[in-house]
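Peer 1: structural data only, the sequence is not supplied:
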């Protein structure tokens with residue numbers, strides 16, 4: 001069984017930076033896409049950023065573009081999210097996710113078949 005394990009969340013002040021990390025463990029698998037979602041209570045899980053390994057193409061949620069950077073290593077199934085200039089509205093549980101099959105539908109959570117347990121990011125004003 002594949003497990004995605006996140007780390008790096010925490011409590012920071014507005015303007016600070018955090019780096020989230022996600023590593024896969026367990027059964028060997030190959031991912032086509034890895035990404036980060038976030039969710040707040042009562043809200044849908046939204047895609048923050050993802051990366052398609054074959055092309056290196058990335059996607060960013062509009063509100064984080066220019067502040068967050070996704071990177072990683074496809075061979076190791078690891079992905080990072082560097083978050084700079086954090087704002088209180090970035091407060092959420094952040095989830096690492098991966099797609100292990102070919103699909104062009106990479107923006108919705110339903111396409112992702114592997115998930116981490118989530119890590120809390122809290123940004124105080």
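Peer 2: The structure has been received and is ready for your questions. Owing to the predicted nature of the structure, the values given are computational and were not obtained by experimental measurement.
Peer 1: any chance you could map the strands in the protein?
Peer 2: For the chain, strands defined by DSSP state E occupy the ranges 2-7, 10-13, 18-26, 33-39, 46-52, 58-60, 68-73, 78-83, 92-99, 114-115, 119-124.
Peer 1: name the residues that touch the shortest one?
Peer 2: It stands for strand 114-115. The contact list for strand 114-115 (Cβ atoms under 8 Å, 6 or more residues apart in numbering) reads 2, 4, 24, 29, 31, 95, 96, 97, 98, 99, 100. In this view, the C-beta of every residue, glycine as well, is placed from N, C-alpha and C.
Peer 1: can you pull the contacts of the first one?
Peer 2: By that I understand residue 2. Contacts for residue 2 were tallied using Cβ under 8 Å, 6+ apart; they are 24, 25, 26, 27, 29, 98, 100, 114.
Peer 1: write a PyMOL command that selects only the buried members of those.
Peer 2: Filtering the contacts of residue 2 down to the buried ones (16 or more other Cβ atoms under 10 Å) takes a single PyMOL command:
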select buried, resi 24+98+100+114
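Peer 1: would JSON lines of the contacts of residue 2 with pLDDT and distance to residue 90 be doable?
Peer 2: Listed next are the contacts of residue 2 as JSON lines, based on pLDDT from 0 to 100; distance: Cβ to Cβ, whole Å:
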{"residue": "24", "pLDDT": "90", "distance to residue 90": "25"}
{"residue": "25", "pLDDT": "85", "distance to residue 90": "27"}
{"residue": "26", "pLDDT": "81", "distance to residue 90": "30"}
{"residue": "27", "pLDDT": "81", "distance to residue 90": "33"}
{"residue": "29", "pLDDT": "78", "distance to residue 90": "30"}
{"residue": "98", "pLDDT": "96", "distance to residue 90": "22"}
{"residue": "100", "pLDDT": "92", "distance to residue 90": "28"}
{"residue": "114", "pLDDT": "95", "distance to residue 90": "24"}
